[in-house]
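> I would like to see how this sequence folds:
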Amino acid sequence: MDEKHYSIGEFANMTGLSTYTLRYYEQEDLIVPQRDENNRRYYTVLDLKWIGFLLHLKGTGMTMEQIEDYVSLRKQGDQTIDERIDLLKNVQKDSLAKIEEMQKNLKVLSDKINWYEGKKNNTINDDFETYQNRINQGDQKDE
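Below is the predicted model:
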């Protein structure tokens, strides 16, 4: 049985990417669609899985340059596995640092919300800095 072929428009709908983005990915050699007898590009389920993986990489904060490097290394075969591992570990390290920074920012945001709620219901009289210092000292005692 022949594998299902998807036009660029169908594939764009399936991936959530625009046809412009798919053409850009093709231009950057991130994806290589097949061509039919009329030289029209088409995509398959394997292409869908590949795009899904690329979007996961992008979702980690990986830059387009890093994604292009990864794809280039992958095309070179298994002899580049160590380089791919190094690249992915660097992205992982950067992603974890961004997550840690985001968690710190979210804590300040939560503290500010709690402070406002306390001010509103008259359970907190401190200014925000004093309040934050007091609750942060409590957090350090818990450690």
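> what are the ranges of the strands in the chain?
34-35, 41-42 (DSSP state E).
> Could you tell me which strands sit next to the first one in the sheet, and their orientation?
Looking back up the chat, that one is strand 34-35. Strand 34-35 has the following strand partners under DSSP bridges: strand 41-42 (antiparallel).
> Let me know whether Ala12 touches Tyr24 as I believe.
No: Ala12 is beyond contact range of Tyr24, at 11.9 Å (criterion: C-beta atoms under 8 Å). (C-beta placed from N, C-alpha, C; glycine too.)
> In terms of packing, which of the two has more residues around it?
Between Ala12 and Tyr24, counting by other C-beta atoms under 10 Å, Ala12 is the more crowded of the two (18 against 14).
> Any stretches of the protein with poor pLDDT?
1-2, 139-143 (pLDDT under 70).
> Now do the longest helix along it: which elements does it pack against?
Secondary structure assigned by DSSP state H gives helix 81-120 as the longest helix of the chain. If contacts are counted by 3 or more C-beta pairs under 8 Å, 6 or more residues apart in numbering; DSSP states H and E, helix 81-120 sits against helix 64-75, helix 128-142.
> Now that helix: buried residues?
By 16 or more other C-beta atoms under 10 Å, the buried positions in helix 81-120 come out as 87, 91, 115.
> Contact partners for Glu131?
Check again: residue 131 is Tyr, not Glu. 111, 115, 118, 124 (C-beta atoms under 8 Å, 6 or more residues apart in numbering).
> Closest to Arg41 out of those residues?
Taking C-beta to C-beta as the measure, Arg41 lies nearest Asp111 of the contacts of Tyr131, at 52.0 Å.
> Settle this for me: the closest one is touching Gln132, isn't it.
Yes: counting by C-beta under 8 Å, Asp111 touches Gln132, with 5.4 Å between them.
> that older thread, tell me which of the strands of the chain approaches Leu73 most closely.
Counting by C-beta to C-beta, and looking across all of those, nearest comes strand 34-35 at 22.9 Å.
> which residues touch the closest one?
Strand 34-35 has contacts (C-beta under 8 Å, 6+ apart) with 5, 41-44.
> For Thr19, see how far away the residue most central in space within the chain is.
The centroid of the chain falls nearest to Gly59 when counting by C-alpha atoms, centre = their mean (0.9 Å). With the distance defined as C-beta to C-beta, to the nearest Å, Gly59 ends up 21 Å from Thr19.
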